[in-house]
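A.B. asks: task: produce atomic coordinates for the following.
(one chain, ligands or ions: 2)
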Amino acid sequence: MRVRVPAKVNLQLGVGPIREDGYHDLVNVFHAVSLFDELTAEPADGLELAVEAAPYSRVAIGRVPTDARNLAARAAVMVASRLGVEPRVRLRIRKAIPVAGGMAGGSADAAAALVACARLWDDRERPALARDDLMEMGAELGSDVPFALLGGTAIGVGRGERLTPALTRGTFHWVFATADGGLSTPAVYAECDRLREAAGEGAPRPSVAEDLMTALATGDAKALGAALANDLQPAALELRPSLARTLNAGRDLGAIGALVSGSGPTCAFLAETDEDAADLAAALDGAGVAEQIVRAQGPVPGATVL
Ligand SMILES: C[C@](O)(CO)[C@H](O)COP(=O)(O)OP(=O)(O)OC[C@H]1O[C@@H](n2ccc(N)nc2=O)[C@H](O)[C@@H]1O
Ligand SMILES: Nc1ncnc2c1ncn2[C@@H]1O[C@H](COP(=O)(O)OP(=O)(O)OP(=O)(O)O)[C@@H](O)[C@H]1O
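C.D. replies: Ligands and ions are numbered 1, 2, ... in the order given. Got it, this is the predicted structure:
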């Protein structure tokens, strides 16, 4: 069983008040891009897990746990327990999505493992697990996991797990600048709260940006670039000040939109055409402001069996 699963960039990340369970209410516009992790699952004597870097990628696989903490392993255990079988599976993850990069790499692997293990262990004639069950298990594993199953472009509310697909037209061309060392998602949310408190600002109730939705529906890359917004960006910049230089370099070199992806530290740049993206990627590479420059297009489908 081989499953391919995409990274995400958040086109709008509106962060609302903190809830009693410690999560923040969000308006989260997810967009899946063609930077993929690949997971294979095959029968084994017990639960085994191996992680390797995809060819040409510089992902820091040393920072990915290979024990029961790995989100893919947790997903496999969850599927097994739901089906009442033993989690006897060898999982191999080939990573291209940066680790702790704000592109939901761990969530992607969890989504891939849900799909692969359900296929491996479920009764082909009368499957016990429907798509909705996988979505529900995904939400339990992490707020970003349901979107990695769904893919495309979607609006997430609640903690980001309640999804509605968004209407889009055409393809958008992205350039991503990865950074050495990750950022911890909880730390970035906490810094966002701290900055708001220090400024004496209450948390706003976020709403979906209409200009963003129109840009997506009409395939207008320039308008999309202007509408990109991430409430976690000031916090990520506070924790990693060097990202300001990366963002500025991308803007100066012609990006029509620039923002930190999710909780960072990956920076995302939008270009108008594929050719513009190639030029921007080459120029950013030369500027030396990132660990690695990666091009990708969106939207693409979620976790897919190959
Ligand atoms: C930053 C984003 O990637 C944007 O899509 C997500 O909001 C984070 O999603 P994730 O990594 O799947 O996060 P989870 O594993 O669900 O939560 C990790 C931690 O992030 C913070 N968290 C996450 C989601 C949310 N709506 N509010 C939060 O405050 C909480 O501190 C939580 O303990
Ligand atoms: N399969 C996995 N791949 C990567 N990291 C994993 C995985 N399973 C668990 N982790 C742990 O989760 C942490 C966050 O990794 P991940 O790559 O998902 O971050 P992220 O892309 O910033 O996530 P998000 O955008 O959802 O906040 C890592 O530092 C690592 O310790």
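A.B. asks: hmm, A148 and A139 touching each other?
C.D. replies: No: using CB atoms under 8 Å, A139 is not in contact with A148; the gap is 11.3 Å. Heads up, the C-betas are built off the backbone N, CA and C, glycines and all.
A.B. asks: more neighbours: which of the two?
C.D. replies: The neighbour comparison of A139 against A148 (other CB atoms under 10 Å) goes to A148, with 31 against 19.
A.B. asks: mind checking pLDDT for that one?
C.D. replies: Confidence at A148, expressed as pLDDT, is 98.
A.B. asks: whichever residue of the stretch 101-250 of the chain sits closest to ligand 2: neighbouring residues, count only.
C.D. replies: Relative to ligand 2, the nearest point of the stretch 101-250 of the chain is G106 (2.6 Å; CB to the nearest ligand atom). Using other CB under 10 Å, G106 is surrounded by 27 other residues.
A.B. asks: can you name the helix or strand that it falls in?
C.D. replies: Per DSSP states H and E: G106 is located in helix 105-121.
A.B. asks: can you confirm R295 is in a strand?
C.D. replies: Yes: under DSSP: H, G, I helix; E, B strand; the rest coil, R295 sits within a strand.
A.B. asks: circling back to that earlier point, show me what the helix holding G106 is packed against.
C.D. replies: Where contact means 3 or more CB pairs under 8 Å, 6 or more residues apart in numbering; DSSP states H and E, helix 105-121 is packed against strand 2-18, strand 24-43, helix 71-83, strand 89-95, helix 131-141, helix 145-150, strand 304-305.
A.B. asks: contacts for the last one, please.
C.D. replies: Applying CB atoms under 8 Å, 6 or more residues apart in numbering, the set of residues contacting strand 304-305 from outside is 1-5, 115-116, 119, 151.
A.B. asks: now tabulate these in JSON lines and tack on neighbour count and pLDDT.
C.D. replies: Listed next are these as JSON lines, based on neighbours: other CB atoms under 10 Å; pLDDT from 0 to 100:
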{"residue": "M1", "neighbour count": "19", "pLDDT": "93"}
{"residue": "R2", "neighbour count": "15", "pLDDT": "97"}
{"residue": "V3", "neighbour count": "24", "pLDDT": "98"}
{"residue": "R4", "neighbour count": "20", "pLDDT": "98"}
{"residue": "V5", "neighbour count": "32", "pLDDT": "98"}
{"residue": "V115", "neighbour count": "28", "pLDDT": "98"}
{"residue": "A116", "neighbour count": "26", "pLDDT": "98"}
{"residue": "R119", "neighbour count": "16", "pLDDT": "95"}
{"residue": "G151", "neighbour count": "23", "pLDDT": "98"}
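A.B. asks: perfect, that will be all.
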